[in-house]
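[1] this one's sequence-less:
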């Protein structure tokens, strides 16, 4: 059976379409895309945040593969190879800068995407699994950030990873074993680079690809979530635009702007700027005294600062353990919001979940700011 | 005015010494301290001794002065066998040497301390005048170490800590009245304070810099002779001294009785050497002895050395300025910074090689430094060019993306 669409009437174009369609039966897909629509309203801009995040992930993959051609994991070669990349390889500095900038921006936009979804209740039925897969993707993105931070094997990365992995040691029962598994031994060494490298370029990308595919399929099958305000509106009062090509072209435009922004940042600030910076600095030396300021990446700062502010003991629990328990419980509640927010199931707003969301955002912002101010 | 510690200051302590047996631990039963503390003020020996290293290590009054600290009657104390009381000024070196020259005793108490201080002192100008001419104005042990506040020379409050040594020596040697009659200048402390060594030691607290005793010795203090000056300065300036010994100047200085280093660098007021010291200009020390028509190649060598040094300094400065610019622009400059470090090292080596007063090794060294400096300059310039190239590339990419975005925007508008 053959499918045809209106705009596939040209001679060569039609023949090519027919050729592909005969083999892969894309007619149904094209027809589906032709009918797919995206709501148009005051907050339509939120629909582009996921796309930007996806675009930045693609940049990550491309630049990551290019870096991989010269990067050599190992205590004796990691730092040297990154130095070689930024100083000797043609445009190596640009690739590293693009990789680092897009990593940070991807996590920023992923957070933004998540919070807009949360506050517009876009997680509500039937998109529970879309939300869950998104949370999983964010967790994996943070894993990318944590594992990638150590790879240059410079002074700051070494000590920050020592502190970061050390926190895992505070988890009861499995903490000590987990620490050894993460570090590949008692201390952060060349073995840790091997593990983090494997995690960064093989395990996390594999998991991420599967979860991302699921997330995108969910979005495509269910379409964009309509605002709660649209409940009860007559169909004529609702505005839509076609996904293909109208929304896709707009998405492309946003991606182009993002690409230009990335290029500007990478060229003007190849080592980052302000608290978002990644100068290569000096090579990691386990026997050197730690630098005066050890801080994680900005997106871990709120958790790092909160753990620092927690007293040594809270009731009968160790402070660090208390913090980890609170973060775990908080994260679980956050992930399970579509199932816990009963009102969202009947398309109503829940004041308590709005309050919870505001509290979380305020906590993250205040703790992050405190982290930089108090250091 | 007497600069050494007067007898009157130690007499009260000695009057109270009661025990003849030496080596006993200091305890509440030490009647020397019990009595003296009652009638001495804070400057009295019984108070000062609290900071004394001997006292802090368990030695009491009787260990030096004899007597029995258990007795409480002074007449009984004086009758105790071995009672030594207050030593006279001439007796102090032997008084201290009773322990400090006893290798077996010192091994038990402070094995790292030498036991030849008295022997050395006897060879010093101070010792020879004290024992030979019975001159009680010269320094003996207590003049430098104090009487009852003797501190470990490694501790900052000690009068013999390196940073305090110039002031300790200067107590006498910088006092024209006190030094009158000895026929030696009293400007040494002032000269030293303004010298490169003095500034390093006294201002920067650099304990690697020499104090008086590092050149003059401490217990064997004497001015170094013309022939031994090489050994004194060469102690630290090893390469310069060795190069000098192999240079044509070695024989010439010896024949003319010129002190080796002092002739060009002076002694106490040694300034930080500068490149204009070498060459054929009026400021150059070479010109003080040599001229273009003195029948030697010295003037030509000095000219070559000065010119080469100036070239290297100029090339190094140019490379540094360009490199700083590249660093300020955020370019990766680790290799260039490392190479500039090698240029600096070469410059130090070249300045040391000046002391060979020959061009055979000096010129190749400078040429190697020039090649490295040029390399830094060229690479840094390339980095700066790259910096502008990146911006041009960014501008072109931005223009291209903007055109594509504008086209896309127009298409979207048309569709809408």
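    Noted; the coordinates are in hand. These numbers come from a predicted model, not from an experiment.

[2] rest of the way, CA atoms for contacts and neighbours
    Noted.

[3] list the buried residues of the helix or strand in which residue A:334 is found.
    Element membership for residue A:334, per DSSP states H and E: helix A:319-335. By neighbour count on 16 or more other Cα atoms under 10 Å in any protein chain shown, the buried set for helix A:319-335 is A:319, A:320, A:321, A:322, A:323, A:324, A:334, A:335.

[4] the second one touches residue A:172, doesn't it?
    No - counting by Cα atoms under 8 Å, residue A:172 is not a contact partner of residue A:320; they are 10.7 Å apart.

[5] max-length helix in the chain?
    No chain in the question, so chain A it is. Ranked by residue count under DSSP state H, the longest helix found in chain A is helix A:92-119.

[6] other chain: chain B
    Looking across chain B with DSSP H, the single longest helix is helix B:362-415.

[7] just how off-centre is it within its chain?
    Offset of helix B:362-415 from its chain centre (Cα atoms, centre = their mean, to the nearest Å): 50 Å.

[8] what number of residues lie near residue A:303?
    Neighbourhood size, residue A:303 [other Cα atoms under 10 Å in any protein chain shown]: 20.

[9] secondary structure element holding residue 82?
    Chain wasn't specified; assuming chain A. Per DSSP H and E: residue A:82 is located in helix A:78-87.

[10] let's do chain B instead
    Judged by DSSP H and E, residue B:82 forms part of no helix or strand.

[11] give the rounded mean pLDDT of stretch B:240-252.
    Stretch B:240-252 shows a mean pLDDT of 91.

[12] chain center to that stretch: distance?
    Chain-centre distance of stretch B:240-252: 24 Å, with Cα atoms, centre = their mean.

[13] the residue lying closest to residue A:148 once chain neighbours are set aside: how many residues sit nearby?
    Closest residue in space to residue A:148, ignoring its immediate chain neighbours: residue A:200 at 6.2 Å, by Cα to Cα, 6 or more residues apart in numbering or on different chains. By the criterion of other Cα under 10 Å, residue A:200 has 23 neighbours.

[14] one more: residue A:130?
    Residues near residue A:130, counting by other Cα under 10 Å: 23.

[15] now do the contacts for residue B:276.
    Contacts for residue B:276 were tallied using Cα atoms under 8 Å, 6 or more residues apart in numbering or on different chains; they are B:283, B:284, B:306.

[16] just read off the phi/psi values of the second one.
    This points to residue B:284. Backbone torsions for residue B:284, taken as degrees, to the nearest 10, come to phi -70, psi 140.

[17] got the contact list for it?
    The contact partners of residue B:284, by Cα under 8 Å, 6+ apart, come to B:276, B:277, B:278.

[18] identify the residue nearest the last one in space, chain neighbours excluded?
    In other words, residue B:278. residue B:284 (4.9 Å).

[19] so where's the stretch 51-200 of chain B shaky on pLDDT?
    Along the stretch 51-200 of chain B, no part satisfies pLDDT under 70.

[20] which stretches of it form helices?
    Remark: helices assigned in the stretch 51-200 of chain B by DSSP state H, counting those that start in this stretch are B:53-56, B:61-65, B:74-79, B:92-100, B:103-109, B:117-123, B:125-132, B:141-145, B:165-173, B:176-179, B:188-194, B:196-198.

[21] cool, and the stretch 201-350 of chain A?
    Going by DSSP H, counting those that start in this stretch, the stretch 201-350 of chain A shows helices at A:204-222, A:248-268, A:301-309, A:319-335, A:337-340, A:342-345.

[22] so where does the residue of the stretch 151-300 of chain B found nearest chain A fall, helix or strand?
    Residue nearest to chain A within the stretch 151-300 of chain B: residue B:206 (23.3 Å; Cα to the nearest Cα). Using DSSP H and E, residue B:206 falls within no helix or strand.

[23] residues of chain A that sit close to chain B?
    A:86-87, A:246, A:249-250, A:253, A:256-257, A:260, A:263-264, A:267-268, A:270 (Cα under 8 Å from any Cα of the partner chain).

[24] hmm, try it at 6 Å
    A:87, A:253 (Cα under 6 Å from any Cα of the partner chain).

[25] if we can go back for a sec, and the angle from the longest helix of chain B to helix A:78-87?
    70 degrees (axes from the mean of the first three to the mean of the last three Cα atoms, to 10 degrees).

[26] packing partners for helix B:362-415?
    helix B:298-328, helix B:334-353 (3 or more Cα pairs under 6 Å, 6 or more residues apart in numbering or on different chains; DSSP states H and E).

[27] can the shortest one be found next to chain A?
    No - among the residues of helix B:334-353, none lie within reach of chain A under Cα under 6 Å from any Cα; the closest is 8.6 Å away.

[28] quick one: buried residues of that helix?
    B:336-337, B:339-340, B:343-344, B:346-347, B:349-353.

[29] quick one: list the elements packing against it.
    Checking 3+ Cα pairs under 6 Å, 6+ apart, helix B:334-353 ends up next to helix B:362-415.
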